[in-house]
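Asker: Got a sequence here, can you build the structure:
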Amino acid sequence: MATGSDAIRGLLSAAAVRERAHEMLGLALDGQVEGWRIDLARLEDAADLTAQVTRENYPALDIPLHARARHFVAGAPKLPGRGAEKARAAFDVIIVSVLLDAGAGPGWGFVDPVTGRRLERSEGLAVASQRMFEAGAFSADPREPMRVDAGVLAGIGPDTLARGFQVGADNPLAGLEGRAALLRRLGAQALARPDLFAFANEPRPGGLYDALAARALDGILPAPAILELLLEALGPIWADRLTLAGLPLGDCWRHPAIRRDDAGDGLVPLHKLSQWLAYSLIEPLQASGLAVTDMDGLTGLAEYRNGGLFVDAGVLVPTEPRAAAREYHVSDPFIVAWRSMTVALLDRMAPLVRARLGVAEADFPLARMLEGGSWAAGRRIAAERRPGGGPPFTIISDGTVF
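Answerer: Numbering: from 1, shown residues only. Got it, this is the predicted structure:
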């Protein structure tokens, strides 16, 4: 039996996210998760919609991975350098952009100065952060604008983000201060851990490329190893999160249904943003010449589009009739269970979607179903059910989870 720090360290993995998610779903199926009941028959409806949306979005089923690069819809940055230097620049912009990718709120949008398009939600956040990166907002050297320096991040304020994200009284962005504080903590962590962030260069988020390349064996890197490094490197940047035995647990919360006889009792890891980031770093790693394996060692993402798909399709059913009228903190057991069961249901839905599309598991990992996919299906059904297409529940957010 694992005890103490071993049990806690074990929570910093995709395998732990998956294990406890399926445990949570099993308990709910037995009626042991307060606030929820499960209608697995409706999973067929969710799979139908996901397959339909996938076919519409990608008729030839040439589906890329679910990655932040998909949201640079106005044109991906033309990154400087080649090889490792280009990969570091890609890591720079992707890491900062993903960390800024929490729910923007219903009233925010970004007018891209290059294309003139108004973009909202994840696409707007992506392009806003991309344009800041291209303009040198995160660089300490005007001669090299497209880089992110730890010292600049460590001093960034909400006013800088407000300008870059066009925030104003008529264009409010949820969690602005929380986002700026997160970037400051990222900068401080990069300065404090040169062994991870300055492995072959000045301290910068892109330094994690070198740390990962050093962990590859014969040029091969399993995808779960990306997440494990990210959880080690980024763990201290999350505010007001659990820390046990000196280890920051990040996107990990308590739920009374999950029982253990060790230090992991009641803990439910989810690691949504970190896994989203791990998926997003696969392509630059591949472009640099590394082979990334075991992509399905990562899990589906516990966020409100995937989770909303299962609520709106009737798979996850709140037992309290007025559940949607309340406001929740992300730590509320009702929300923890919702997010965790979303991960398990994505695993259960994947074979159903593959069967409908006539594709093999090897050719259609979770990262393609998410992109194809479940995320877009969640957005579509939300737009049908609620004005503005918001999530099924109102979450009080600091801008660092959803």
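
Asker: okay, CA-based contacts and neighbour counts for the rest of this
Answerer: Will do.

Asker: So which residues of the stretch 201-350 of the chain form strands?
Answerer: Here the stretch 201-350 of the chain has its strands, by DSSP state E, counting those that start in this stretch, at 220-222, 243-244, 247-248, 252-254, 267-269, 291-293, 316-318, 327-329.

Asker: could I get these as JSON lines with mean neighbour count, mean pLDDT and distance to residue 46?
Answerer: Shown next, in JSON lines, are the strands of the stretch 201-350 of the chain (neighbours: other CA atoms under 10 Å; pLDDT from 0 to 100; distance: least, CA to CA, whole Å):
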{"stretch": "strand 220-222", "mean neighbour count": "19", "mean pLDDT": "98", "distance to residue 46": "30"}
{"stretch": "strand 243-244", "mean neighbour count": "14", "mean pLDDT": "90", "distance to residue 46": "36"}
{"stretch": "strand 247-248", "mean neighbour count": "19", "mean pLDDT": "90", "distance to residue 46": "35"}
{"stretch": "strand 252-254", "mean neighbour count": "20", "mean pLDDT": "97", "distance to residue 46": "27"}
{"stretch": "strand 267-269", "mean neighbour count": "26", "mean pLDDT": "97", "distance to residue 46": "25"}
{"stretch": "strand 291-293", "mean neighbour count": "17", "mean pLDDT": "97", "distance to residue 46": "28"}
{"stretch": "strand 316-318", "mean neighbour count": "20", "mean pLDDT": "98", "distance to residue 46": "11"}
{"stretch": "strand 327-329", "mean neighbour count": "14", "mean pLDDT": "95", "distance to residue 46": "25"}
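
Asker: And stretch 101-119, end to end?
Answerer: In stretch 101-119, first residue to last residue: 14 Å (CA to CA, to the nearest Å).

Asker: mind listing the helices for the stretch 1-150 of the chain?
Answerer: Taking DSSP state H, counting those that start in this stretch to define them, one finds helices in the stretch 1-150 of the chain at 4-9, 14-29, 43-57, 83-99, 121-134, 150-154.

Asker: To residue 278, which of the ones you listed lies closest?
Answerer: helix 83-99 (9.4 Å; CA to CA).

Asker: Tell me which other helices or strands that closest one touches.
Answerer: helix 121-134, helix 176-192, helix 207-215, helix 272-287 (3 or more CA pairs under 8 Å, 6 or more residues apart in numbering; DSSP states H and E).

Asker: what comes into contact with that helix?
Answerer: Contacts with helix 83-99, where a contact means CA atoms under 8 Å, 6 or more residues apart in numbering, come from 68-69, 79-80, 125-126, 129-130, 133, 146-148, 179, 182-183, 204-210, 273, 276-277, 280-281, 284-285, 287-288, 400.

Asker: Also stretch 284-297?
Answerer: Stretch 284-297 is touched from outside by 14-15, 83-84, 87, 90-91, 209, 213, 216, 219-224, 282, 365-367, with contacts defined as CA under 8 Å, 6+ apart.

Asker: count of neighbours near residue 331?
Answerer: For residue 331, the count of nearby residues is 17 (other CA atoms under 10 Å).

Asker: Could you pull up the residues touching residue 166?
Answerer: By CA under 8 Å, 6+ apart, the contact list for residue 166 reads residue 110.

Asker: I'd like to know how far it sits from residue 129.
Answerer: Residue 166 is 11 Å from residue 129, where distance means CA to CA.

Asker: can you check residue 368 too?
Answerer: Taking CA to CA, one finds residue 368 at 24 Å from residue 129.

Asker: Which one of the two is surrounded by more residues?
Answerer: Neighbours were counted for residue 368 and for residue 129 using other CA under 10 Å; residue 129 has more, 25 against 20.

Asker: Tell me how far that one lies from residue 356.
Answerer: 37 Å.

Asker: one step back: can you go through the contacts of helix 83-99 and name the buried ones?
Answerer: Those of those that meet the buried threshold are 68-69, 79-80, 125-126, 129-130, 133, 146-148, 179, 182-183, 204-210, 273, 276-277, 280-281, 284-285, 288, 400, by 16 or more other CA atoms under 10 Å.

Asker: List the contacts of the strand or helix carrying residue 384.
Answerer: Assigned by DSSP states H and E, residue 384 belongs to helix 375-385. Here helix 375-385 makes contact (CA under 8 Å, 6+ apart) with 49-50, 53, 305-310, 312-313, 389-392.

Asker: Now do the residue nearest to residue 109 when sequence neighbours are not counted: how many residues are near it, please.
Answerer: Leaving aside its chain neighbours, residue 109 sits nearest to residue 120 (4.5 Å; criterion: CA to CA, 6 or more residues apart in numbering). For residue 120, the count of nearby residues is 19 (other CA under 10 Å).

Asker: does residue 120 really touch residue 105, like I thought?
Answerer: No: here residue 120 does not reach residue 105: they are 9.3 Å apart, not a contact under CA atoms under 8 Å.

Asker: Please identify every residue contacting each of these two.
Answerer: Contact criterion CA under 8 Å, 6+ apart; residues shared by residue 120 and residue 105: none found.

Asker: Scan the helices and strands of this protein for the one with the lowest mean pLDDT.
Answerer: helix 4-9 (a mean of 82; mean pLDDT, DSSP states H and E).

Asker: Distance from it to the middle of the chain?
Answerer: The chain centre lies 24 Å from the centre of helix 4-9; the measure is CA atoms, centre = their mean, to the nearest Å.

Asker: go on, stretch 320-329?
Answerer: 24 Å.
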